[in-house]
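Student: My questions are about this predicted structure, shown below with the sequence.
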Amino acid sequence: MKIQLPDRQVDERDTMFARMARCKSTAAYQEYYTRRPELKQIDDRLRGMPRLMNPQGKYYDPEKSEQAQNYFDAIDNIEINQEFVTRSVQELKVGKNPKKIIIKLAHELGAVAVGFTDLVEAFIYSHQGRFDENYGQPINLDHPTAIVFLVEMDFDRMQKAPRAETILESARQYYRAAVISQTLVAVLIQAGYAAKAHYDAHYNLILPALAIKAGLGELGRNNILIADKYGSRVRIGAVTTDLHLESDALVSLGADTFCRICKKCAKNCPSHALEMDEKSMVCGIDKWPTNVERCYAYWRQVGTDCGICMAVCPFSHRNNRFHNLIRWLIRNFKWSHRLALFFDDLIYGQWTDNNDSFSK
Ligand code: SF4
Ligand code: SF4
């Protein structure tokens, strides 16, 4: 299998969250919509909708929405466990296999999978876009290695999508990923290497593409990473460093061919943001495109980050013997795909109980 590289770098300023971070009357707003006038009307309308975790959202839950906000707020004030760091620095300094040690440390901190890859420019954003303070600054990241890891989203909480439990679970896992990446960075720096943490709102990288390159999964029709054992029920974090580590091989889970017949995510997407038909070329990558404006408009309508396309994916079932056997069959035998899908529909149903009407 060959990795598909984007044919150009993505500018973080063009991502949905960066676009939504622009405020009228700021220089960044003026700059962005002078350059991208075609997005001004739709973005102004989206910005005018109630914010996520806001009482006006359909699935607002005072307790859960507040807890979610608290996790997001805490991400920038994480206290690193210095005892863990000191012990880990020693391990890294005396150990013979740094890759094995980093995997062990990441797992101790709560990661469920870890992969390594060389860092190519195509996966690095060209310019900063999320915050006004450094808006538009070119990103210069010359670390040769990326350590990419996954944290698991709880199965039962994800089954509540698109209600408030899902954004609370997202917030918890973004927080966990931030702790892991910041702790690993502290270990690497104290061991004498340069390192940078990439976590919620502080990414210089396109993480799903990087996770695929690090051998952690495939891209699904839902445009989200599909990982072994967890499907789309994961969040991604990363650390880049000047410590040279051998890249992992790409993996094939059978997801690309399974997605062609499944379409469960696209059928159940309340905003019809996912592609029901064929792939097309997006920035040089042959993939199923997502209408990000429609997706995000639904998030603002309900006040959560939805998550239906993660929850309904047949690859996202529990990590247990039975489902891992089905995953193994799908990975190794194409003939099993229709059979697996038939039983998935029979046991879990084709549709969620969500019947929200979506106003574009
Ligand atoms: S998060 Fe929800 S609205 Fe967005 S693509 Fe997935 S199912 Fe559709
Ligand atoms: S729900 Fe089906 S089509 Fe969508 S990503 Fe999962 S396997 Fe692919």
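Tutor: That came through, no problem. Ligands and ions are numbered 1, 2, ... in the order given.
Student: Would you mind pulling the contact partners of stretch 96-116?
Tutor: 84, 88, 91-92, 95, 145-152, 176, 179-180, 183-184, 187, 211, 214-216, 227-230, 234, 237, 243, 245-248 (C-beta atoms under 8 Å, 6 or more residues apart in numbering). In short, each C-beta sits where N, CA and C put it, glycine included.
Student: what about it, how long is it end to end?
Tutor: 17 Å (C-alpha to C-alpha, to the nearest Å).
Student: Off-centre distance for it?
Tutor: Computed by C-alpha atoms, centre = their mean, to the nearest Å, the chain-centroid distance of stretch 96-116 equals 19 Å.
Student: and H127, how many residues sit next to it?
Tutor: 17 (other C-beta atoms under 10 Å).
Student: pLDDT below threshold where in the chain?
Tutor: 1-2, 358-360 (pLDDT under 70).
Student: can you narrow the contacts of stretch 96-116 to ones near ligand 1?
Tutor: With the criterion set as C-beta under 6 Å from any ligand atom, no member of the contacts of stretch 96-116 is near ligand 1.
Student: Hmm, V234 is touching M153, no?
Tutor: Yes. Contact status for V234 versus M153: in contact at 6.4 Å, counting by C-beta atoms under 8 Å.
Student: So if I had to pick from those two, which one is more boxed in?
Tutor: Taking neighbours as other C-beta under 10 Å, V234 and M153 compare with V234 leading, 26 against 23.
Student: The more buried one: what's it in contact with?
Tutor: Going by C-beta under 8 Å, 6+ apart, V234 touches V112, A113, L150, V151, E152, M153, L225, A227.
Student: element containing the closest residue to K40 other than its chain neighbours, please.
Tutor: Leaving aside its chain neighbours, K40 sits nearest to Y33 (4.3 Å; criterion: C-beta to C-beta, 6 or more residues apart in numbering). Counting by DSSP states H and E, the element that carries Y33 is helix 27-35.
Student: what's that helix in contact with?
Tutor: With C-beta under 8 Å, 6+ apart, helix 27-35 has contacts from R13, R19, R22, C23, L39, K40, D43, D132, Y135, G136.
Student: again, but for stretch 128-141
Tutor: For stretch 128-141, the external contacting residues (C-beta under 8 Å, 6+ apart) are 11-15, 17-18, 21, 23, 26-28, 31, 119, 124-127, 196, 201-202, 204-205, 240.
Student: how far does that stretch stretch from start to finish?
Tutor: With C-alpha to C-alpha applied, stretch 128-141 spans 12 Å between its terminal residues.
Student: buried sites along that stretch?
Tutor: Q128, G129, R130, Y135, G136, I139 (16 or more other C-beta atoms under 10 Å).
Student: For it, what is the distance to the chain centroid?
Tutor: On the basis of C-alpha atoms, centre = their mean, stretch 128-141 sits 20 Å off its chain's mean C-alpha point.
Student: And for stretch 25-36?
Tutor: That offset, for stretch 25-36, works out to 27 Å (C-alpha atoms, centre = their mean).
Student: Quick check: which element contains the nearest residue to A171 once chain neighbours are set aside?
Tutor: Excluding its sequence neighbours, the residue lying closest to A171 (C-beta to C-beta, 6+ apart) is Y71, at 3.6 Å. Secondary structure from DSSP H and E places Y71 in helix 62-74.
Student: Show me the contact partners of that helix.
Tutor: Against helix 62-74 from outside (C-beta under 8 Å, 6+ apart): 53-55, 57, 164-165, 167-168, 170-172, 174-175, 200, 303.
Student: Need the buried ones from those selected in PyMOL.
Tutor: Here is the PyMOL command that picks out the buried ones among these, judged by 16+ other C-beta under 10 Å:
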select buried, resi 53+57+164+165+167+168+170+171+172+174+175+200+303
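Student: which parts of this structure sit against ligand 2?
Tutor: So the chain meets ligand 2 at 220-222, 258-259, 262-265, 312-315 (C-beta under 6 Å from any ligand atom).
Student: Secondary structure added to those residues, as CSV?
Tutor: CSV is the format used below for the residues of the chain next to ligand 2 (DSSP: H, G, I helix; E, B strand; the rest coil):
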residue, secondary structure
G220, coil
R221, coil
N222, coil
F258, helix
C259, helix
C262, helix
K263, coil
K264, helix
C265, helix
V312, coil
C313, coil
P314, helix
F315, helix
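Student: now the residues you listed as TSV including neighbour count and distance to E79?
Tutor: Formatted as TSV, the residues of the chain next to ligand 2 follow (neighbours: other C-beta atoms under 10 Å; distance: C-beta to C-beta, whole Å):
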residue	neighbour count	distance to E79
G220	27	36
R221	25	40
N222	28	35
F258	24	42
C259	24	41
C262	24	43
K263	18	45
K264	25	41
C265	28	38
V312	28	37
C313	26	35
P314	24	39
F315	27	35
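Student: Show me which of those is closest to W288.
Tutor: Using C-beta to C-beta, the shortest approach to W288 within the residues of the chain next to ligand 2 belongs to R221, at 4.5 Å.
Student: which helices and strands does the helix or strand where A297 lies pack with?
Tutor: Assessed by DSSP H and E, A297 sits inside helix 292-302. Here helix 292-302 touches helix 16-20, helix 40-47, going by 3 or more C-beta pairs under 8 Å, 6 or more residues apart in numbering; DSSP states H and E.
Student: Are it and ligand 1 in contact anywhere?
Tutor: Yes. Counting by C-beta under 6 Å from any ligand atom, ligand 1 has neighbours in helix 292-302: C295, Y298.
Student: Following element in sequence after that helix, please.
Tutor: Using DSSP H and E, the first helix or strand after helix 292-302 is helix 308-311.
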